[in-house]
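[1] model the following, please.
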Amino acid sequence: MTRVHPEFAYQARELEGQIEGILGDPPNRKNYDMMVEALVSEYASGGGLDDVNMMAFALFDRIRFLDPKGLLREAADYEDGDPAHVFAMATIDGEGAAMYQAITENHPELARRAIITAFLHKHPARWEDEGQSLDELAKSEEAGDEDEMDDTAVSDDFMQIFDQEGERE
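    Residues are numbered from 1 along each chain as shown. Purely as a prediction, here's the structure:
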């Protein structure tokens, strides 16, 4: 499994929550479709929210990934990367093509992150978040507990200063 940058992993998980929240319980596909159409329209006109998840949400149902292995490699670095290289790894045909062109021209770095986020959300079995396995989380939590005790534990010397009973002995 390929490890991805923690921020991409976070964004992919957030996208899932956002999609579920808009679909609602019970799922309301009409509401979902209206939200997607509004986002697509905004981004196609050159506007839209400056938000990775909102852009990924607009892309999610329309985007087709041409180079999954390349996108996984690109997911290793959240801050740096070549947007044009990522744009060549995905496409949108038909409805949404104008949006894809607009976001790649007007918001290249945001679009790069949104494309990778949408890919990771669609393909969760292809990647893992660094440090997110249960074993790794347990180890880091245990290490954190030990460090916490070292920083906050009171030394015996300090305790003896205030130990009145110890003075009497």
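[2] what helices and strands are in contact with the helix or strand encompassing Glu14?
    Assigned by DSSP states H and E, Glu14 belongs to helix 6-23. Packing contacts for helix 6-23, counted by 3 or more CB pairs under 8 Å, 6 or more residues apart in numbering; DSSP states H and E, involve helix 29-44, helix 52-60, helix 108-122, strand 127-129. The C-beta positions use only the backbone N, C-alpha and C, and glycine is treated the same way.
[3] ok, now with 6 Å
    Counting contacts by 3 or more CB pairs under 6 Å, 6 or more residues apart in numbering; DSSP states H and E, helix 6-23 is packed against helix 29-44, helix 52-60, helix 108-122.
[4] just send those back as TSV, with mean neighbour count, distance to Ala102 and mean pLDDT too.
    As requested, these are exported to TSV (neighbours: other CB atoms under 10 Å; distance: least, CB to CB, whole Å; pLDDT from 0 to 100):
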stretch	mean neighbour count	distance to Ala102	mean pLDDT
helix 29-44	16	5	94
helix 52-60	25	11	95
helix 108-122	23	9	96
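[5] what's the closest of the ones you listed to Ala84?
    Across the helices and strands packed on helix 6-23, Ala84 has its closest neighbour in helix 108-122 (7.6 Å, CB to CB).
[6] thinking again about what came up before, for the record, mean pLDDT for the helix holding Glu14?
    The pLDDT scores in helix 6-23 average 92.
[7] measure Gly17 to Ala118 for me?
    14 Å (CB to CB, to the nearest Å).
[8] and Arg29, by the same measure?
    According to CB to CB, Arg29 stands 19 Å off from Ala118.
[9] next, format the helices and strands packed on helix 6-23 as CSV and append distance to Pro6.
    As requested, the helices and strands packed on helix 6-23 are arranged in CSV below (distance: least, CB to CB, whole Å):
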stretch, distance to Pro6
helix 29-44, 26
helix 52-60, 14
helix 108-122, 12
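[10] of the ones you listed, give the one that comes closest to Arg3.
    Counting by CB to CB, Arg3 lies closest to helix 108-122 out of the helices and strands packed on helix 6-23; the figure is 11.6 Å.
[11] what helices and strands are in contact with that closest one?
    When contacts are defined as 3+ CB pairs under 6 Å, 6+ apart, helix 108-122 sits against helix 6-23, helix 52-60, helix 68-74, helix 83-87.
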